[in-house]
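Asks: sequence first, predicted model second:
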Amino acid sequence: MTDTSENGASFVHYEVRDRFAVLTLDSPHNRNALSSKLVHELLDGLRRAGGDEQVRGIVLTHTGNTFCAGADLKEALDADPAAAADIRTGWMIEVLQGIVELHKPVLAQIDGNVRAGGMGIVGACDIVVAGPSSTFALTEARLGLAPFMISMTLLPRMTSRAAARYFQTGETFDTAEAERIGLITVAADDPAAEIGRLCEALRRGSPQGLAESKRLVNASLLTEFERSAEELARRSGSFFGTPEVVEGMTAFFERRPPTWAE
(Lines give C-alpha, C1' and ligand atoms only; values in the text may rest on other atoms or scores of the structure.)
Protein backbone atom coordinates (compact mmCIF):
# COMPACT_ATOMS: atom_id res chain seq x y z
CA MET A 1 0.00 0.00 0.00
CA THR A 2 1.18 3.53 -0.68
CA ASP A 3 3.32 4.88 2.14
CA THR A 4 3.05 8.56 2.99
CA SER A 5 4.87 8.54 6.32
CA GLU A 6 7.88 10.69 7.04
CA ASN A 7 9.96 7.75 8.23
CA GLY A 8 9.11 5.57 5.22
CA ALA A 9 7.41 2.80 7.20
CA SER A 10 3.81 1.74 6.72
CA PHE A 11 1.66 0.86 9.72
CA VAL A 12 -0.71 -1.25 7.58
CA HIS A 13 0.68 -3.60 4.93
CA TYR A 14 -1.48 -4.63 1.99
CA GLU A 15 -1.10 -7.73 -0.13
CA VAL A 16 -3.37 -10.10 -2.01
CA ARG A 17 -3.13 -13.84 -1.34
CA ASP A 18 -5.36 -16.31 -3.12
CA ARG A 19 -7.86 -13.55 -3.99
CA PHE A 20 -8.10 -12.26 -0.41
CA ALA A 21 -6.63 -8.89 0.55
CA VAL A 22 -4.54 -9.27 3.70
CA LEU A 23 -4.23 -6.09 5.78
CA THR A 24 -1.57 -6.47 8.45
CA LEU A 25 -1.47 -3.99 11.31
CA ASP A 26 2.21 -3.31 11.94
CA SER A 27 2.73 -0.63 14.57
CA PRO A 28 4.23 -2.67 17.42
CA HIS A 29 5.79 0.34 19.18
CA ASN A 30 2.31 1.34 20.42
CA ARG A 31 0.66 -2.09 20.28
CA ASN A 32 -1.11 -1.32 16.98
CA ALA A 33 -3.03 1.51 18.63
CA LEU A 34 -5.43 3.51 16.48
CA SER A 35 -3.17 6.44 15.72
CA SER A 36 -4.01 8.88 12.94
CA LYS A 37 -1.51 7.18 10.62
CA LEU A 38 -2.73 3.64 11.26
CA VAL A 39 -6.39 4.62 10.89
CA HIS A 40 -5.86 6.38 7.58
CA GLU A 41 -3.83 3.48 6.17
CA LEU A 42 -6.42 0.96 7.37
CA LEU A 43 -9.24 2.92 5.72
CA ASP A 44 -7.21 3.19 2.52
CA GLY A 45 -6.68 -0.58 2.56
CA LEU A 46 -10.37 -1.32 3.07
CA ARG A 47 -11.32 1.00 0.19
CA ARG A 48 -8.67 -0.51 -2.04
CA ALA A 49 -9.86 -4.06 -1.35
CA GLY A 50 -13.49 -3.07 -1.76
CA GLY A 51 -12.81 -1.57 -5.18
CA ASP A 52 -10.77 -4.48 -6.54
CA GLU A 53 -13.01 -6.91 -8.42
CA GLN A 54 -10.38 -9.64 -8.12
CA VAL A 55 -10.50 -9.50 -4.31
CA ARG A 56 -13.15 -11.72 -2.79
CA GLY A 57 -12.69 -10.75 0.85
CA ILE A 58 -10.39 -9.17 3.43
CA VAL A 59 -8.32 -10.66 6.23
CA LEU A 60 -7.24 -8.33 9.04
CA THR A 61 -4.23 -9.55 11.00
CA HIS A 62 -1.29 -8.15 12.93
CA THR A 63 2.37 -8.31 13.86
CA GLY A 64 3.54 -8.46 17.46
CA ASN A 65 1.69 -9.65 20.54
CA THR A 66 -1.24 -7.22 20.20
CA PHE A 67 -3.90 -7.11 17.51
CA CYS A 68 -5.05 -3.64 18.50
CA ALA A 69 -4.85 -1.76 21.82
CA GLY A 70 -7.55 0.78 20.97
CA ALA A 71 -7.01 4.52 20.81
CA ASP A 72 -3.48 5.92 20.83
CA LEU A 73 -3.69 7.40 24.34
CA LYS A 74 -0.39 9.26 24.07
CA GLU A 75 -1.58 10.99 20.92
CA ALA A 76 -4.93 11.74 22.58
CA LEU A 77 -3.31 13.10 25.76
CA ASP A 78 -0.98 15.40 23.83
CA ALA A 79 -3.76 16.90 21.68
CA ASP A 80 -6.44 19.46 22.44
CA PRO A 81 -9.06 17.29 24.21
CA ALA A 82 -12.17 18.63 22.51
CA ALA A 83 -10.75 18.65 18.99
CA ALA A 84 -9.05 15.29 19.44
CA ALA A 85 -12.25 13.69 20.73
CA ASP A 86 -14.26 14.81 17.71
CA ILE A 87 -11.62 13.55 15.31
CA ARG A 88 -11.19 10.22 17.07
CA THR A 89 -14.87 9.43 17.31
CA GLY A 90 -15.18 10.21 13.60
CA TRP A 91 -12.35 7.81 12.83
CA MET A 92 -13.89 5.08 14.95
CA ILE A 93 -17.25 5.40 13.23
CA GLU A 94 -15.61 5.38 9.82
CA VAL A 95 -13.55 2.25 10.55
CA LEU A 96 -16.37 0.27 12.18
CA GLN A 97 -19.05 1.26 9.69
CA GLY A 98 -16.63 0.74 6.81
CA ILE A 99 -16.05 -2.88 7.84
CA VAL A 100 -19.72 -3.57 8.51
CA GLU A 101 -21.06 -2.11 5.26
CA LEU A 102 -18.26 -3.34 2.99
CA HIS A 103 -19.82 -5.66 0.41
CA LYS A 104 -17.14 -8.31 0.93
CA PRO A 105 -16.54 -10.58 3.94
CA VAL A 106 -14.01 -9.31 6.48
CA LEU A 107 -12.22 -11.87 8.61
CA ALA A 108 -9.95 -11.20 11.59
CA GLN A 109 -6.98 -13.48 12.26
CA ILE A 110 -5.81 -12.77 15.81
CA ASP A 111 -3.16 -14.27 18.03
CA GLY A 112 -2.50 -11.57 20.59
CA ASN A 113 -4.10 -9.03 22.88
CA VAL A 114 -7.23 -7.07 21.98
CA ARG A 115 -8.23 -4.04 24.01
CA ALA A 116 -10.74 -1.17 23.95
CA GLY A 117 -11.28 0.09 20.37
CA GLY A 118 -9.66 -3.06 19.01
CA MET A 119 -12.62 -4.90 20.49
CA GLY A 120 -14.92 -2.78 18.33
CA ILE A 121 -13.03 -3.89 15.23
CA VAL A 122 -13.45 -7.51 16.31
CA GLY A 123 -17.18 -6.92 16.67
CA ALA A 124 -17.38 -5.31 13.23
CA CYS A 125 -15.71 -8.23 11.42
CA ASP A 126 -17.88 -10.95 9.93
CA ILE A 127 -15.72 -13.86 11.06
CA VAL A 128 -13.10 -13.81 13.83
CA VAL A 129 -10.56 -16.54 14.51
CA ALA A 130 -8.40 -16.18 17.62
CA GLY A 131 -5.38 -18.21 18.62
CA PRO A 132 -4.18 -19.39 22.04
CA SER A 133 -2.18 -16.24 22.79
CA SER A 134 -5.24 -14.02 22.45
CA THR A 135 -6.72 -12.12 25.37
CA PHE A 136 -9.56 -9.61 25.42
CA ALA A 137 -10.59 -6.70 27.66
CA LEU A 138 -12.73 -3.58 27.65
CA THR A 139 -10.75 -1.20 29.85
CA GLU A 140 -12.51 2.11 29.17
CA ALA A 141 -14.21 2.32 32.59
CA ARG A 142 -10.79 2.16 34.23
CA LEU A 143 -9.85 5.34 32.35
CA GLY A 144 -12.99 7.24 33.26
CA LEU A 145 -14.62 6.43 29.91
CA ALA A 146 -17.09 3.90 28.51
CA PRO A 147 -17.08 1.85 25.28
CA PHE A 148 -19.39 4.35 23.58
CA MET A 149 -18.75 3.94 19.85
CA ILE A 150 -17.70 0.31 19.90
CA SER A 151 -20.88 -0.70 21.72
CA MET A 152 -22.59 -0.55 18.33
CA THR A 153 -20.63 -3.56 17.08
CA LEU A 154 -20.13 -5.36 20.40
CA LEU A 155 -23.65 -5.43 21.82
CA PRO A 156 -25.10 -7.36 18.83
CA ARG A 157 -22.33 -9.98 19.15
CA MET A 158 -21.90 -10.51 22.91
CA THR A 159 -24.48 -11.93 25.24
CA SER A 160 -26.14 -9.23 27.34
CA ARG A 161 -24.86 -10.74 30.59
CA ALA A 162 -21.30 -10.78 29.26
CA ALA A 163 -21.55 -7.18 28.07
CA ALA A 164 -22.89 -6.06 31.46
CA ARG A 165 -19.95 -7.74 33.15
CA TYR A 166 -17.01 -6.90 30.89
CA PHE A 167 -18.07 -3.36 29.96
CA GLN A 168 -17.84 -2.49 33.66
CA THR A 169 -15.22 -4.72 35.26
CA GLY A 170 -12.50 -4.40 32.62
CA GLU A 171 -11.52 -8.01 33.33
CA THR A 172 -9.29 -9.83 30.88
CA PHE A 173 -10.68 -13.03 29.34
CA ASP A 174 -9.38 -15.72 27.02
CA THR A 175 -10.41 -17.20 23.68
CA ALA A 176 -12.63 -19.89 25.19
CA GLU A 177 -14.67 -17.22 26.98
CA ALA A 178 -14.67 -14.99 23.89
CA GLU A 179 -16.11 -17.83 21.83
CA ARG A 180 -18.63 -18.73 24.54
CA ILE A 181 -20.06 -15.19 24.73
CA GLY A 182 -20.19 -14.72 20.96
CA LEU A 183 -17.39 -12.16 20.58
CA ILE A 184 -15.33 -14.39 18.28
CA THR A 185 -16.32 -17.08 15.81
CA VAL A 186 -13.68 -19.75 16.48
CA ALA A 187 -10.99 -20.31 19.10
CA ALA A 188 -8.28 -22.15 17.15
CA ASP A 189 -4.89 -23.60 18.02
CA ASP A 190 -3.73 -22.62 14.51
CA PRO A 191 -5.60 -19.46 13.49
CA ALA A 192 -3.82 -19.17 10.13
CA ALA A 193 -4.90 -22.67 9.10
CA GLU A 194 -8.48 -22.03 10.21
CA ILE A 195 -8.59 -18.73 8.31
CA GLY A 196 -7.31 -20.56 5.24
CA ARG A 197 -10.10 -23.12 5.53
CA LEU A 198 -12.75 -20.42 5.95
CA CYS A 199 -11.41 -18.42 2.99
CA GLU A 200 -11.66 -21.55 0.85
CA ALA A 201 -15.29 -21.96 1.90
CA LEU A 202 -15.99 -18.30 1.12
CA ARG A 203 -14.44 -18.61 -2.35
CA ARG A 204 -17.22 -21.06 -3.19
CA GLY A 205 -19.78 -18.30 -2.76
CA SER A 206 -20.43 -15.85 -5.58
CA PRO A 207 -19.54 -12.18 -4.98
CA GLN A 208 -23.23 -11.28 -5.27
CA GLY A 209 -24.32 -14.07 -2.94
CA LEU A 210 -21.74 -13.10 -0.33
CA ALA A 211 -22.61 -9.41 -0.51
CA GLU A 212 -26.34 -9.98 -0.11
CA SER A 213 -25.84 -12.50 2.68
CA LYS A 214 -23.67 -10.00 4.57
CA ARG A 215 -26.31 -7.31 4.08
CA LEU A 216 -28.93 -9.55 5.66
CA VAL A 217 -26.77 -10.34 8.67
CA ASN A 218 -25.71 -6.73 9.26
CA ALA A 219 -28.96 -4.91 8.46
CA SER A 220 -29.90 -4.21 12.08
CA LEU A 221 -26.33 -3.28 12.93
CA LEU A 222 -26.23 -0.67 10.16
CA THR A 223 -29.60 0.67 11.30
CA GLU A 224 -28.08 1.16 14.74
CA PHE A 225 -25.23 3.18 13.20
CA GLU A 226 -27.74 5.45 11.49
CA ARG A 227 -29.78 5.80 14.67
CA SER A 228 -27.12 6.11 17.37
CA ALA A 229 -23.69 7.00 15.96
CA GLU A 230 -24.12 10.76 16.19
CA GLU A 231 -25.46 10.67 19.74
CA LEU A 232 -22.76 8.25 20.93
CA ALA A 233 -20.09 10.41 19.29
CA ARG A 234 -21.35 13.42 21.24
CA ARG A 235 -21.39 11.49 24.50
CA SER A 236 -17.93 10.10 23.88
CA GLY A 237 -16.48 13.48 22.98
CA SER A 238 -17.94 15.15 26.05
CA PHE A 239 -15.84 12.98 28.37
CA PHE A 240 -12.38 13.66 26.91
CA GLY A 241 -10.62 16.37 28.87
CA THR A 242 -12.67 15.80 32.02
CA PRO A 243 -10.66 15.47 35.26
CA GLU A 244 -11.36 11.74 35.60
CA VAL A 245 -10.24 10.96 32.05
CA VAL A 246 -7.09 13.06 32.36
CA GLU A 247 -6.32 11.28 35.65
CA GLY A 248 -7.10 7.88 34.14
CA MET A 249 -4.83 8.40 31.14
CA THR A 250 -2.06 9.97 33.22
CA ALA A 251 -2.17 7.09 35.70
CA PHE A 252 -2.01 4.62 32.81
CA PHE A 253 1.20 6.16 31.46
CA GLU A 254 2.69 6.53 34.94
CA ARG A 255 1.90 2.87 35.63
CA ARG A 256 0.04 3.60 38.86
CA PRO A 257 -3.55 3.17 40.06
CA PRO A 258 -5.83 6.14 39.39
CA THR A 259 -6.92 8.08 42.46
CA TRP A 260 -10.34 6.39 42.59
CA ALA A 261 -8.73 2.93 42.82
CA GLU A 262 -6.32 3.73 45.65
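Replies: Nice, I can see it. Residues are numbered from 1 along each chain as shown.

Asks: and the helices in the stretch 51-200 of the chain, which stretches?
Replies: 73-78, 81-101, 117-124, 151-154, 160-169, 175-180, 191-203 (DSSP state H, counting those that start in this stretch).

Asks: which SSE is the nearest residue to residue 90 once chain neighbours are set aside in?
Replies: Closest residue to residue 90 apart from its sequence neighbours, by C-beta to C-beta, 6 or more residues apart in numbering: residue 233 at 7.2 Å. All C-beta spots, glycine's among them, are computed from the backbone N, C-alpha and C. Using DSSP states H and E, residue 233 falls within helix 207-239.

Asks: show me the shaky parts of the chain.
Replies: In the predicted model of the chain, residues 1-7, 73-86 satisfy pLDDT under 70.

Asks: contacting residues around the residue nearest to residue 174 when sequence neighbours are not counted?
Replies: Leaving aside its chain neighbours, residue 174 sits nearest to residue 135 (6.1 Å; criterion: C-beta to C-beta, 6+ apart). Neighbour list for residue 135: 113-114, 172-174 [criterion: C-beta atoms under 8 Å, 6 or more residues apart in numbering].

Asks: quick one: which of those has the most company?
Replies: residue 114 (30 neighbours; other C-beta atoms under 10 Å).

Asks: doesn't residue 133 make contact with that one?
Replies: No: between residue 114 and residue 133 there is no contact under C-beta atoms under 8 Å: 10.9 Å.

Asks: number of nearby residues for the closest residue to residue 142 other than its chain neighbours?
Replies: Nearest non-adjacent residue to residue 142, counting by C-beta to C-beta, 6+ apart: residue 170, 4.8 Å away. Residue 170 has 16 neighbours, counted by other C-beta under 10 Å.

Asks: residue 170 and residue 145 touch, don't they?
Replies: No: with contact defined as C-beta under 8 Å, residue 170 does not reach residue 145; the gap is 10.8 Å.

Asks: what about residue 139, neighbour count?
Replies: 20.

Asks: cool, and the one 3 residues further on?
Replies: Around residue 142 sit 19 other residues, with neighbours defined as other C-beta under 10 Å.

Asks: can you give me phi and psi for residue 171?
Replies: Note on residue 171: its backbone torsions stand at phi -60, psi 150 [degrees, to the nearest 10].

Asks: quick one, what contacts it?
Replies: Applying C-beta under 8 Å, 6+ apart, the residues near residue 171 are 137, 165.

Asks: just the contacts of residue 135 now: which is nearest residue 238?
Replies: residue 114 (26.0 Å; C-beta to C-beta).

Asks: and that closest one, how far from residue 104?
Replies: 22 Å (C-beta to C-beta, to the nearest Å).

Asks: what of residue 243?
Replies: 44 Å.

Asks: same check, this time on residue 127
Replies: In terms of C-beta to C-beta, residue 127 sits 12 Å off from residue 104.

Asks: one more: residue 177?
Replies: From residue 177 to residue 104 the distance is 29 Å (C-beta to C-beta).

Asks: neighbour count winner among these two?
Replies: residue 104 (20 against 17).

Asks: excluding chain neighbours, what is closest to residue 57?
Replies: residue 105 (4.2 Å).
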